[in-house]
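Student: build me a model from this:
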Amino acid sequence: MSEIKGKPTFQIFRAKDAPGLMETGHMKVEPYTDLQREWMVKARDAGLLEGDYLKVLFDIPGFNLTYAWLKKEYPLALHSHDCDCLYYIIAGDVRMGTATLGAGDGFFVPAGVPYQYTPGKRGVEVLEFRTVSHFNMVNLSKGEGYWRNAVESLMANREDWAAAVPPSQMVLTER
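Tutor: Here you go, the predicted structure:
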């Protein structure tokens, strides 16, 4: 990145060149409890890693943009981050408690506030905006009931996920 007097200059970024979130080292996952660790292994074996796609599109000091595609009914755990996060839904929809949010909607989550959402039947694509590059993720789903349901959802959706396309592409093919 080039700078003029400490300020970033004009830049272009391309999605095809974006690194995966986990390969950047930007997100630190806080240590799991023994129960969480046991169930994360079961979730991984049931297809957890096949249900999401995360790319860091742009990252400069003070500004970070991540693209996330969570496939249908992906069981996102209740969690928090140590930074503010602004989410914008590109396509698909999510359920957050009693609210359903769709394309063009968004939500803001302050640092330290627990949240969770469930992608709808077509999945969801979101843009995640942060003012920091490095942040943590604290998994707050501690009950065995949550983990059992999550693993069941993973197993039920794994086959569909293999052939899934992002909801923004579904719109193009539905015409």
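
Student: can you tell me which residue is spatially central in the chain?
Tutor: Taking Cα atoms, centre = their mean, the centroid of the chain lies closest to residue 68, which sits 4.7 Å from it.

Student: right, and it touches residue 56 too?
Tutor: No - applying Cβ atoms under 8 Å as the test, residue 68 and residue 56 come out as separate, 10.3 Å apart. Using the backbone N, CA and C atoms, a C-beta is placed for each residue, glycine as well.

Student: just checking, next helix/strand downstream of the lowest-mean-pLDDT helix or strand in the chain?
Tutor: Lowest on mean pLDDT, DSSP states H and E among the helices and strands of the chain sits strand 3-4, with a mean of 60. Downstream of strand 3-4, the first helix or strand assigned by DSSP states H and E is strand 7-8.

Student: give the partner strands of that following strand in its sheet and their orientations.
Tutor: If you go by DSSP bridges, strand 7-8 pairs up with strand 3-4 (antiparallel).

Student: report how many residues lie close to residue 118.
Tutor: Residues near residue 118, counting by other Cβ atoms under 10 Å, number 17.

Student: does it really touch residue 75, like I thought?
Tutor: Yes - between residue 118 and residue 75 there is a contact under Cβ under 8 Å: 7.4 Å.

Student: now the strands for this protein?
Tutor: 3-4, 7-8, 27-29, 52-60, 63-70, 79-80, 85-96, 99-102, 106-109, 118-130, 135-139 (DSSP state E).

Student: in a markdown table: those, plus distance to residue 46.
Tutor: Shown next, in a markdown table, are the strands of the chain (distance: least, Cβ to Cβ, whole Å):
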| stretch | distance to residue 46 |
| --- | --- |
| strand 3-4 | 46 |
| strand 7-8 | 42 |
| strand 27-29 | 19 |
| strand 52-60 | 14 |
| strand 63-70 | 16 |
| strand 79-80 | 19 |
| strand 85-96 | 21 |
| strand 99-102 | 26 |
| strand 106-109 | 27 |
| strand 118-130 | 17 |
| strand 135-139 | 16 |
